[in-house]
Every structure is written in C-alpha cells, then in structure tokens.
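K.L.:
Got a sequence here, can you build the structure:
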Amino acid sequence: MSLERGKPDRPLRRQPSYPDERRRVRPFSPEKSASSTNSSLAKPAKPVNPQSLQTISAEPPPSFTEPFRDRTSESVPPSRSQHRFLRRLLRSFRHLFAKLKNWLIWLFTRWQFLIFAGFLTCVSSAIVAIAFIFQLPALPNCPAVFWPLASASMRFECARIAASKQTAKDLLEAITLVDGLPPNHSMRPEADRLIELWSQEVLKLAEELFHKGDLKEAIAAAQKIPAKVTAYRLVEERVNRWQSIWSKAEGIYKKAEASLRKRDWRGAFELAVGLLDIDNKYWQTTRYDDLNNRINTARVDGNKLFKAEWLADEGTVSGLLQAIKLAEEIRPDSYIYDLAQVKIQFFGRKLLDLAQKALDRRNLQEALSIVNQIPKRARVESEKRDLTVLANAQSLSWQDTVAGLEAAIAQAQRVLPGRPLHPKAQQLIVRWQYEIEGLAQIERARLLAQNGTVEALFNAITAASQVSSANPRWNEAQREIQKWKAETQTIADRP
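P.N.:
Down below sits the predicted model:
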C-alpha cells in the first residue's frame with residue numbers, strides 16, 4: 001500500500017462540538033442485519049491478483065532519512081463550536097459599542113453636562129491666565145549682595161522683600177538698607193518716604209510685642225527707629241508707658257503670691273482681679289488665668305495642710321503620722337510647699353516630744369517605737385539618733401544605783417558637741433552626777449540607821465539632811481528622814 005504525500009493515511013474523526021455531545025447510533029434492525037450478513041456470505045470472494053502482490057512486495061520500505069512530519073501541525077478546518085464562539089463574541093462587542101454610543105449621545109445632549117464642561121474650561125483658562133500674568137521674575141539673592149557696591153535699585157528691591165515679611169526685625173533691616181543712600185541721591189526722597197512708613201509699622205509691631213508679653217523685644221525694636229523720623233518722637237513716651245504698666249502688673253502679681261503663701265485666698269483673688277484693669281492684653285489674659293489657676297491649686301493644697309494641722313492637734317502618734325503623710329502630698333510647685341515642709345518638721349518634733357514623755361514614764365519600748373515611725377521627710381534624723389542614745393542612757397539610770405547612773409553618764413557622753421540634743425545630754429549628765437552625790441549620802445545614812453538605836457537613827461537623819469533640796473534625790477532623802485523620825489519616836493514612847 002502506497003502513502004500519498006500530504007494526505008493522512010486514514011480519515012480523521014470529527015470531534016464533538018461539546019463535551020456532552022454523543023455519537024449518534026442508529027437503531028438496531030434485525031432484518032437489515034440478517035440481509036447484510038446473508039449478502040456478504042452469498043457474495044463470492046474477490047480473487048487475488050498475483051501481480052498486485054508482486055507490486056506490494058517490490059515497493060521499497062519507507063526511508064528513515066526522510067524528515068519527520070508533525071501531523072498535529074497540519075491545518076484542520078474549524079469546528080462548529082468555534083464558529084459559534086466567534087459569532088457570540090462578535091455579537092457581544094456589537095452590543096457593547098451600541099450601548100457606549102447611546103450613552104455618549106445621551107450625555108452630550110444634556111444641558112447640565114454642557115454647562116459644567118464650559119464652566120470647567122473657563123476656570124482652567126482663568127487659572128492659567130492669572131498664573132502667566134502674576135508670574136514674578138526671579139528674586140535677587142539679597143544675603144549674598146555686597147552692599148557697599150550694590151546699586152540703589154538692588155537696595156530698594158531687597159528692602160521691599162524684607163519689609164514684606166512684616167516683622168520688626170525685617171522692617172528695621174529694610175530701613176537700614178535704604179537709609180544707606182547718600183543725601184544727594186536721586187532716589188533719596190523715595191527712601192525717606194519708605195523709612196517714615198516703615199518706622200510707623202515698626203512702632204505698631206513693637207506695640208503688638210508689648211501686648212504679647214515680650215517687653216524687652218518691644219523696647220529694643222522701638223529704640224532702633226531712626227531719630228530723624230516722626231515716629232521717633234513717640235518712642236520715649238511709649239517705652240515709659242510700657243515700663244510703667246509692666247511694673248504695676250508685676251507688683252500686683254507679687255502681692256497676690258505673698259497672699260497665697262500666707263494662705264489668704266480671698267486677698268489673693270482680689271489682687272488677681274486687679275490685673276484685668278491693666279492696659280496690656282498679656283496681663284489681662286495669660287497672666288490673669290495663670291494666677292487664677294495658681295490660686296485654685298494653692299487653695300486645694302491649703303485645705304490639705306489645714307486638715308494635717310487639725311490631725312496633729314489631737315496630740316496622738318497616729319494623728320501626727322497621718323498629718324505628715326497628708327502634708328507630703330503638697331507638690332513642690334505649690335506656693336505653700338515651703339510652709340508644708342516646715343509643718344512636716346514641726347510634726348516630727350512633736351513625735352519626738354511624745355517619745356520623751358514615754359521615757360519620762362520609764363517606757364523604753366514605746367519611746368523607741370515612736371522614734372522609729374518618724375519618716376525621713378520630717379528631717380529630724382539627727383534628733384532621732386540622739387534621742388535613741390539618750391533613751392538607752394535613761395533606761396540605765398532607772399536602776400537607782402550609783403553604777404547604773406555612772407553607766408548612764410557614759411552613754412550620754414556619746415552625744416558629741418554640735419549634735420541637736422547635746423545640750424539635753426549635758427543636762428542629764430549634770431542631773432545624774434547630782435543624783436550620784438545624793439544617792440551616796442542616802443546610802444551612808446542607811447548604813448548608819450542599820451543599828452536601830454536612837455543615836456544611830458539621829459546620825460542617819462543628820463547624814464540624810466545633807467542632801468540639797470536642788471538634788472533630784474531630795475524627795476527620796478526626805479522620805480527616809482520621815483521614816484527614821486517615826487522610828488525614833490516609837491522607841492522613845494516605849495516604857
């Protein structure tokens with residue numbers, strides 16, 4: 001069998017247009033099937049030609065050197081499904097272009113859109129025209145100009161640029177630039193006119209600085225106005241008025257602050273109202289509001305301090321500790337902060353007094369407990385340490401013996417000169433030395449009275465009478481003397 005070049009060796013199968021398409025199957029007919037079978041059986045077989053067999057066997061095999069043909073790349077006629085897809089796509093594009101055409105026709109036939117488009121065009125044209133009209137030329141580089149060699153036009157241009165900033169510093173700089181022209185210059189009259197105008201503006205800006213609260217800048221700007229201009233005549237009067245107003249306002253403010261430190265809230269508020277009469281916006285608004293806020297803050301802190309003092313007046317340890325804690329809440333920026341610190345120290349010293357009273361009752365534990373509860377903010381740390389030493393010394397003196405008193409003296413001598421309780425330590429030492437003398441005389445009298453005779457008792461009374469009334473042991477000596485006198489009277493009354 002020979003293969004013809006360019007044609008497939010077998011017919012291609014038609015691909016279904018859609019995946020669900022099925023090949024049509026004819027219905028089965030037994031009669032047709034039987035007839036076809038019988039006809040094929042009845043038909044004689046075709047004889048084979050020997051020449052054709054020779055021709056087929058003589059045909060050479062296909063050459064493998066021939067280039068391989070890609071059968072898939074051969075053109076295949078488009079199927080029915082592709083035709084349908086192209087028709088639908090074309091129909092969609094036509095529908096879309098028809099809608100767009102109708103919308104554009106509708107839009108350009110509406111008068112609102114035409115008015116908006118015309119307005120937008122006019123505005124754009126106007127903006128472009130104004131930009132071209134007011135387009136300024138490049139400004140000169142004034143800071144880089146060497147002024148001794150600069151032209152008059154350059155001076156005027158840079159002066160106008162500086163004056164356009166409308167600040168006192170720039171206006172004074174503009175005045176300096178144009179004032180550098182010589183008197184015989186052709187543009188000198190224009191320079192004098194501008195200097196006069198700018199000087200008036202400098203004085204106005206200086207007044208604004210004064211009302212903004214910048215007194216020094218206002219005075220400095222006003223005093224730099226040239227003396228030859230008309231505005232210079234007002235400078236001295238303005239400066240004196242500004243200084244007078246400022247001094248009066250500061251005096252009112254300081255008096256109000258002094259009233260706050262004294263906790264005189266009413267007086268401070270009355271003084272604050274006086275700031276509203278000051279002819280200066282800065283003092284009428286900013287400083288007045290600031291002083292009012294300070295008064296309100298000081299009033300709150302003052303109430304805390306009053307409550308702390310009320311707690312301290314109870315005279316109890318807990319009340320004094322609460323008073324210290326409440327006074328500590330007052331902030332350092334308060335006007336009564338210094339007073340609160342003084343009160344805290346005062347409360348701490350009252351706690352020390354309570355500790356000393358506990359020692360006078362010979363209650364060492366209570367005294368040391370009170371001392372240890374005193375906070376550091378009370379600033380009595382030195383007194384606390386000294387009182388602890390003296391408390392231990394006093395506890396030794398409670399033994400009522402010479403040895404105990406001598407040990408108490410040695411303990412009290414640890415409080416060196418310069419310490420807060422050194423004078424008190426010296427007083428205790430002197431007292432204990434007197435006590436040692438009085439106790440020694442009482443002990444000698446007791447030894448004499450041990451015999452129990454009238455003579456021994458009289459000798460004991462004589463020895464005990466030598467104890468001075470200034471001696472801390474004088475009361476004890478008097479009790480012993482009365483006891484011995486009673487004993488002598490008892491002996492004398494015996495039969």
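
K.L.:
Quick one: distance of the helix or strand Ala367 falls within to the chain centre.
P.N.:
According to DSSP states H and E, Ala367 maps onto helix 364-373. Using Cα atoms, centre = their mean, to the nearest Å, the distance from the centre of helix 364-373 to the centre of the chain it belongs to is 43 Å.

K.L.:
residues in contact with Arg419?
P.N.:
Ser382, Asp386, Ala425 (Cβ atoms under 8 Å, 6 or more residues apart in numbering). C-beta coordinates here come from the backbone N, C-alpha and C atoms, glycine included.

K.L.:
Buried only: go through those residues for me.
P.N.:
Buried residues within those, counting neighbours by 16 or more other Cβ atoms under 10 Å: Asp386, Ala425.

K.L.:
domains of this protein?
P.N.:
As assigned by automatic domain parsing, the chain contains the domains 142-230, 441-492.

K.L.:
chain center to the first one: distance?
P.N.:
What it means is domain 142-230. Remark: domain 142-230 is offset 43 Å from the chain centroid, using Cα atoms, centre = their mean.

K.L.:
got any ranges where the chain has weak pLDDT?
P.N.:
When residues are selected by pLDDT under 70, those of the chain lie in 1-78, 111, 113, 131-141, 143-151, 495.

K.L.:
can you map out the strands along it?
P.N.:
Taking DSSP state E as the test, none of the chain falls into strands.

K.L.:
Need the domains of the chain in TSV (columns: mean neighbour count and distance to Asn372).
P.N.:
Conversion of the domains of the chain to TSV gives the following (neighbours: other Cβ atoms under 10 Å; distance: least, Cβ to Cβ, whole Å):
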stretch	mean neighbour count	distance to Asn372
domain 142-230	16	52
domain 441-492	16	29
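
K.L.:
Give me the phi and psi for Val467.
P.N.:
Recorded main-chain torsions at Val467 are phi -70, psi 120, according to degrees, to the nearest 10.

K.L.:
Could you list which residues are in contact with Leu368?
P.N.:
For Leu368, the set of contacting residues under the criterion of Cβ under 8 Å, 6+ apart consists of Ala355, Thr388, Ala391.

K.L.:
same question, Glu406
P.N.:
Taking Cβ under 8 Å, 6+ apart as the contact definition, Glu406 lies against Ile436.

K.L.:
how about the helices of the stretch 351-495 of the chain, start to end?
P.N.:
Using DSSP state H, counting those that start in this stretch, the helices found in the stretch 351-495 of the chain span residues 364-373, 381-397, 402-412, 422-448, 454-464, 474-492.

K.L.:
Distance to Ala258 added to these, as CSV?
P.N.:
As requested, the helices of the stretch 351-495 of the chain are exported to CSV (distance: least, Cβ to Cβ, whole Å):
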stretch, distance to Ala258
helix 364-373, 36
helix 381-397, 32
helix 402-412, 45
helix 422-448, 36
helix 454-464, 64
helix 474-492, 54
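
K.L.:
For Phe346, find the nearest of those helices.
P.N.:
helix 381-397 (12.5 Å; Cβ to Cβ).

K.L.:
Now that Val235 has come up, it's in contact with Lys224, right?
P.N.:
No. Shown here, Val235 and Lys224 do not form a contact pair, counting by Cβ atoms under 8 Å, at 9.3 Å.

K.L.:
List of residues touching stretch 234-244?
P.N.:
Contact partners of stretch 234-244, identified using Cβ under 8 Å, 6+ apart, comprise Leu203, Ala206, Glu207, Phe210, Leu215, Ala218, Ile219, Ala222, Gln223, Ile225.

K.L.:
Quick check: the farthest pair among these?
P.N.:
When the contacts of stretch 234-244 are compared pair by pair using Cβ to Cβ, the two farthest from each other are Leu215 and Ile225, 16.8 Å apart.

K.L.:
rewinding a little: which of the contacts of Leu368 are buried?
P.N.:
The neighbour count (16+ other Cβ under 10 Å) marks Ala355, Ala391 as buried among the contacts of Leu368.

K.L.:
any idea which of the contacts of Leu368 is closest to Gln466?
P.N.:
If you rank these by distance to Gln466 using Cβ to Cβ, Ala391 comes first, at 32.2 Å.

K.L.:
Can you show me the helices along the stretch 201-350 of the chain?
P.N.:
Listed in chain order, the helices found in the stretch 201-350 of the chain under DSSP H, counting those that start in this stretch are 215-223, 232-261, 265-273, 281, 288-312, 317-327, 337-360.

K.L.:
give me every residue that touches Ala312.
P.N.:
Taking Cβ under 8 Å, 6+ apart as the definition of contact, the neighbours of Ala312 are Gly319, Leu320, Ala323, Lys343, Phe346, Phe347, Lys350.

K.L.:
do Arg377 as well
P.N.:
Under the contact definition (Cβ under 8 Å, 6+ apart), the residues listed for Arg377 are Ile324, Glu328, Ile344.

K.L.:
separation between the nearest residue to the first one once chain neighbours are set aside and Ala308?
P.N.:
Think Ile324. Distance criterion Cβ to Cβ, 6 or more residues apart in numbering; nearest residue to Ile324, sequence neighbours excluded, is Phe347 at 4.9 Å. If you measure Phe347 against Ala308 using Cβ to Cβ, to the nearest Å, the figure is 8 Å.

K.L.:
Pull up the overlap in contacts between these two.
P.N.:
When contacts are counted by Cβ under 8 Å, 6+ apart, Phe347 and Ala308 have Ala323, Ile324, Ala327 as shared neighbours.

K.L.:
Can you report how many residues neighbour the second one?
P.N.:
Okay, so that is Ile324. Other residues within reach of Ile324 by the criterion other Cβ atoms under 10 Å amount to 25.

K.L.:
That one touches Gln373, doesn't it?
P.N.:
No. Taking Cβ under 8 Å as the definition, Ile324 is not a contact partner of Gln373, at 9.7 Å.

K.L.:
hmm, back to that, now, of the helices of the stretch 201-350 of the chain, which is deepest in the fold?
P.N.:
Greatest average neighbour count among the helices of the stretch 201-350 of the chain goes to helix 317-327 (a mean of 20), per mean count of other Cβ atoms under 10 Å.

K.L.:
what is the orientation angle of that helix with helix 337-360?
P.N.:
Relative orientation of helix 317-327 and helix 337-360, computed by axes from the mean of the first three to the mean of the last three Cα atoms, to 10 degrees: 160 degrees.

K.L.:
Pull the distance from helix 317-327 to the chain's centre.
P.N.:
Centre-to-centre, helix 317-327 and its host chain are 32 Å apart (Cα atoms, centre = their mean).

K.L.:
what do you get for stretch 345-365?
P.N.:
For stretch 345-365, the separation from the chain centroid amounts to 44 Å (computed by Cα atoms, centre = their mean).
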